[in-house]
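# pasting the structure only:
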C-alpha cells in the first residue's frame, strides 16, 4: 500500500489517437488492497486506460501515478511491481508451460517460479505441455500464474474471462480471489460480465465515451441507490435532482434514485438495486443525445 493508501491516481488524463480522443478528463483515486472493477461498453476507453496504467501508452494530457510514482517515467522499479494480463492471454504457443515459466523468470527480477508451479500443479496443468495445446481456460490460468509469480503489488487484468466458458470463468475468478486473499495484491479488473463482479470486486469504475461516469465503493454505491416504484408520473417531484433513470409503463413509474437515506413518498415502494442494473442505468443516461457526462461518486 502506498503512503496515501492509493494504488492508482490519475489527474485529468486524456489520450488522443488520430481519429479522436479515446479518453478524456479521467481523474481517479483508487484504493490499494482490493479488487477494482472497470466496466463500460466497447470503445469506452477501458483498454486505453489500462495500457496507460502499465506504461504501454503515454497520456496526451494529465498524469498517471501508480503505487506512488509517475508511471510515465517508466522506471524499472515501478514497472516491476505491476503485473498485466491482456485479453488474449498472450503466450508463446510453441513454448511448453515450463518454457514460459523460465521466460518469466528471466524477464522479472521478483519472479517466484515455485509459486507458479504450485498454482499450476493444483490445477493439474502439465509443465511439459505446449501452451498452444492447452484449452482456453488452461491458457488463461497459465497466463494468470505468470502474472502472479511476478509478485506484483498491482495486477491489471484486461477482460481476462471474456473468451472463457462459465466453468473456466468461475475457476479463473476463484484462483484470482485466492491469490488476492493470500498476497494482498491490488487488482484492477476490466470485464463485461457485470453480474459476476459484485461478488469479487470492492470498488467500481464505469467508463463511457472515454469519460468516468460513476466510481466508488460498491457496497456504498448500492446502499445509496434504490428503485422506487409508484403511480405513473413524469418524475417524483421530491426527488427530481436525484433521479438517475425513469422507466414508465401504462400505470407505473420506476425511478432509480440516488438518495438512499430519504424514505419513499406515500404510494411509492422502495426496492434494492442490483449492480448490473445500476451500471446499465448510468450507461444509458450517458448515451442519451446531448447528455453531459459528469462523474458520480467520490474517487
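All right, it came through fine. All values reported here derive from a predicted model rather than from experimental measurement.
# any weak-confidence spans in the stretch 101-250 of the chain?
234-241 (pLDDT under 70).
# would you map the helices across it?
In the stretch 101-250 of the chain, the helices defined using DSSP state H, counting those that start in this stretch lie at 113-122, 136-149, 166-183, 194-197, 218-224.
# tell me the most buried of the ones you listed?
Comparing the helices of the stretch 101-250 of the chain by mean neighbour count (mean count of other C-beta atoms under 10 Å), helix 136-149 comes out on top with a mean of 23. Where you see a C-beta, it was placed from the backbone N, CA and C, and this is true even at glycine.
# format the helices of the stretch 101-250 of the chain as JSON lines; extra columns: distance to residue 58.
As requested, the helices of the stretch 101-250 of the chain are exported to JSON lines (distance: least, C-beta to C-beta, whole Å):
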{"stretch": "helix 113-122", "distance to residue 58": "31"}
{"stretch": "helix 136-149", "distance to residue 58": "23"}
{"stretch": "helix 166-183", "distance to residue 58": "29"}
{"stretch": "helix 194-197", "distance to residue 58": "29"}
{"stretch": "helix 218-224", "distance to residue 58": "31"}
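# give the buried residues for the helix or strand harbouring residue 284.
In the assignment (DSSP states H and E), residue 284 maps to helix 275-286. Applying a neighbour-count criterion of 16 or more other C-beta atoms under 10 Å, one finds 275, 278-283, 285-286 buried in helix 275-286.
# doesn't residue 39 make contact with residue 205?
Yes. The pair residue 205 and residue 39 qualifies as a contact (C-beta atoms under 8 Å) at a distance of 7.3 Å.
# now do the shared contacts for those two.
Applying C-beta atoms under 8 Å, 6 or more residues apart in numbering, one finds that no residue jointly contacts residue 205 and residue 39.
# packing partners for the helix or strand harbouring residue 23?
In the assignment (DSSP H and E), residue 23 maps to strand 20-31. Here strand 20-31 touches strand 6-17, helix 46-53, strand 61-66, strand 186-190, strand 203-208, strand 211-217, going by 3 or more C-beta pairs under 8 Å, 6 or more residues apart in numbering; DSSP states H and E.
# including distance to residue 252, could the ones you listed go into CSV?
CSV is the format used below for the helices and strands packed on strand 20-31 (distance: least, C-beta to C-beta, whole Å):
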stretch, distance to residue 252
strand 6-17, 41
helix 46-53, 35
strand 61-66, 44
strand 186-190, 36
strand 203-208, 27
strand 211-217, 26
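# now those in a markdown table, with distance to residue 79 and mean neighbour count?
Formatted as a markdown table, these follow (distance: least, C-beta to C-beta, whole Å; neighbours: other C-beta atoms under 10 Å):
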| stretch | distance to residue 79 | mean neighbour count |
| --- | --- | --- |
| strand 6-17 | 14 | 20 |
| helix 46-53 | 11 | 24 |
| strand 61-66 | 9 | 19 |
| strand 186-190 | 15 | 25 |
| strand 203-208 | 22 | 26 |
| strand 211-217 | 24 | 22 |
